[in-house]
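Novice: Make a model of this:
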Amino acid sequence: MPRRVLFVCLGNICRSPLAEGVFRALAEEAGLADGLVIDSAGIGDWHAGDPPDPRAQAAARSRGIDIGRQRARQVRAADFAAFDLLLAMDESNAEALRAIAPAPHAHKVRLLLDYAPELGLREVPDPYYGGDGGFAHVLDLVETAAGGLLAALREDAPHSSSASSPPDRG
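Specialist: Here you go, the predicted structure:
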């Protein structure tokens, strides 16, 4: 049974599409993509149906990742049952997810950067209102966290089909 991961940000045109693209590329490189379902969504519906922000696409392309075919969508109630992990980019997104999560699925909401404790950060900053450099910074953070997530899923795979816990922040 494939592991299912949903990356979530505010509008699904910057951070979560980058996280989806980076994680998919890492999973493919590791030969694990067939065992994963990877998607992204936004808390709001402002950009539903739109491709990722052109700056996000350019930043991803600069690292050999094409996110141009993705289309923004809003988180749906069914996502909580359909995905093993709903990884929010920041505390505000996580709180919004927890507010609408059915009780049996609330434990699936985590912060993406929980999988990169070495960064010493909890949130992926929103680059939307900043310059191009913000997108490169987001990619740096997302690449580190995606590697940690992939390692955690790989570790957890032989033991159970339940969602993996983030590493101890000790």
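Novice: counting contacts, what elements does the least confident helix or strand in the chain by mean pLDDT pack onto?
Specialist: Taking mean pLDDT, DSSP states H and E as the measure, the helix or strand of the chain with the lowest value is helix 132-156, at a mean of 94. In terms of contacts (3 or more CB pairs under 8 Å, 6 or more residues apart in numbering; DSSP states H and E), helix 132-156 is packed against strand 3-9, helix 15-29, helix 54-61. Where C-beta positions appear, they are placed from N, C-alpha and C, glycine not excepted.
Novice: so where's the chain shaky on pLDDT?
Specialist: The chain contains residues with pLDDT under 70 at 157-170.
Novice: now the helices and strands packed on helix 132-156 in TSV, with mean neighbour count and distance to residue 74?
Specialist: Formatted as TSV, the helices and strands packed on helix 132-156 follow (neighbours: other CB atoms under 10 Å; distance: least, CB to CB, whole Å):
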stretch	mean neighbour count	distance to residue 74
strand 3-9	26	10
helix 15-29	24	11
helix 54-61	19	18
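Novice: out of these, nearest to residue 100?
Specialist: Evaluated with CB to CB, the helices and strands packed on helix 132-156 place strand 3-9 nearest to residue 100, the distance being 11.1 Å.
Novice: could I get the closest one in PDB with only the CA atoms?
Specialist: Listed next in PDB are the C-alpha coordinates belonging to strand 3-9 (Å, rounded to 0.1, in the frame of the first residue of the first chain):
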ATOM      1  CA  ARG A   3       2.400   6.000   1.600                       C
ATOM      2  CA  ARG A   4       0.400   9.200   0.900                       C
ATOM      3  CA  VAL A   5       1.900  12.600   1.600                       C
ATOM      4  CA  LEU A   6       0.100  16.000   1.200                       C
ATOM      5  CA  PHE A   7       2.100  19.200   1.400                       C
ATOM      6  CA  VAL A   8       0.100  22.300   2.500                       C
ATOM      7  CA  CYS A   9       0.600  26.000   2.400                       C
END
